[in-house]
Each structure stands twice: as C-alpha cells, then as structure tokens.
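1. model the following, please.
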Amino acid sequence: MIGMTQVLRPELRPLRVKRASISNLKSVRAAYDCARAIQREQHAPIWPDFGDDSILDEIRDGRLYRVSDYGALTGVFTVAYEDGAIWGDLERGAHIYLHRIARSEIRPQARLMESVITWALVKCDSMRRDGLRVDTWADNPAIIAYYEMMGFELIATRRMSNDPRLSVHYHGLELALLELPLASMIQPD
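-> Numbers count the residues shown, from 1 in each chain. From the prediction side, this is the model:
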C-alpha cells in the first residue's frame, strides 16, 4: 500500500473524489463547458459537446468522477481500465487511464490535478496496476510539460486513425501518450 495520504504534496489535504451521480449532470456539463472555453482561448482542438446520454452512461458505468472541496465542485474526470483505441500495441491492461479532466469555473485554482492523481495512484495500488496513463494533444507543449512536472513521462506520440471506438473528435489528431509509474510514487512509511 502507498504509505501516505497525499502523494504529491503531503502538506495539503486532498480534495474529495467520489463517483458522479445523475444529480451531478448539470455541474458535469458546466465543467465540460469551462474546458471547451479554455480550449478555444488556447486555440487548441475543442472537445465536442458530450451529450447527456453519453455522460449518463459514464455515470451509470461508474467511470465518471467528481472532485469537490468543502462541497463545491472543483472538477470532473473519467477513468478507463484499458485503452487499446488510443494506446494500441502499448496497451497491456495494467494501468488506469485518466480522461477528460475538466475543472469547474467556480473553483479554478483548486488542486484538481494533484487530487485526481493522488486518488488514481491509490486506486492503482489497491488494484495492483502499474500506474497511470493520460493522453493529450501532441502539439500542446505547455500541457505536456505540466504533466511531466506532475511526474508523467512522455512515452510516445501517435496519430489517431478513424477508429470507430473513438469519438470523431479524435480522428486525425496526434496525441502525446504519457505514463506515471506507480513505483516512482511509492514512499516508504
């Protein structure tokens, strides 16, 4: 087991991570709207408007999580336990994949990423997974550098095909694939 309550910055109390519920639909949509606004400002590829049915399916499947600070939504994210569509031959079924991490406009400066990563590393440890994986746009060096600052290593870049397992907004994008090994984060008790 990981011998800490906060992996990245032990002096900070982690935000609460819980599975999203159907009652969170409006706030999840607001977080995605905030993410799209940031993407437009940065002239980055823009996420599509994820429909209510898609969001509700992720909630029912237990893959959509909300992050809160004293009850106020800080952000949302989804998890997957395999991702062959994006990771291709690098997929080994040994990681937790973090997707669509979106902050809330209400609490933009909260420690969203640290809390998501801490939660996911503890989950990796309990599931005996090797670590975390994320993907992001390969032509966004600032976000890649941010993930590297958080401990992730750039594993590869990959141009996405028109794979029917992927949302259309992925088709043709070049993605940076990053990994954070659990072993690199374990601290002795």
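
2. buried set for stretch 16-25?
-> Judged by neighbour count using 16 or more other Cβ atoms under 10 Å, the buried positions of stretch 16-25 are 17, 20, 24. (C-beta placed from N, C-alpha, C; glycine too.)

3. ok, these vs Ser184, which is closest?
-> Val17 (21.0 Å; Cβ to Cβ).

4. what helices or strands is the helix or strand where that closest one lies leaning on?
-> Taking DSSP states H and E as the criterion, Val17 maps to strand 16-19. Here strand 16-19 is seen to pack against strand 64-69, helix 112-127 when contacts are counted using 3 or more Cβ pairs under 8 Å, 6 or more residues apart in numbering; DSSP states H and E.

5. who's in contact with that strand?
-> When contacts are defined by Cβ atoms under 8 Å, 6 or more residues apart in numbering, strand 16-19 is touched by residues 59, 62, 64-69, 115-116, 119.

6. quick one: the strands in the protein, in order.
-> 16-19, 64-69, 72-80, 95-103, 131-137, 153-159, 174-181 (DSSP state E).

7. which one of the ones you listed lies nearest to Glu41?
-> Smallest distance to Glu41 across these (Cβ to Cβ): 13.4 Å, for strand 95-103.

8. in its sheet, what does the closest one sit against?
-> Paired strands of strand 95-103, with direction, are strand 72-80 (antiparallel), strand 131-137 (parallel) (DSSP bridges).

9. in space, what's closest to the residue nearest in space to the middle of the chain - neighbours in sequence excluded?
-> What sits nearest the mean C-alpha location of the chain, by Cα atoms, centre = their mean, is Leu98, with 3.2 Å. Leaving out its chain neighbours, the residue that sits closest to Leu98 by Cβ to Cβ, 6 or more residues apart in numbering is Val134, at 5.1 Å.

10. circling back to that earlier point, who wins for proximity to Asp49 among the strands paired with strand 95-103?
-> Counting by Cβ to Cβ, Asp49 lies closest to strand 72-80 out of the strands paired with strand 95-103; the figure is 14.8 Å.

11. pLDDT score for Val76?
-> You'll see Val76 listed with a pLDDT of 95.
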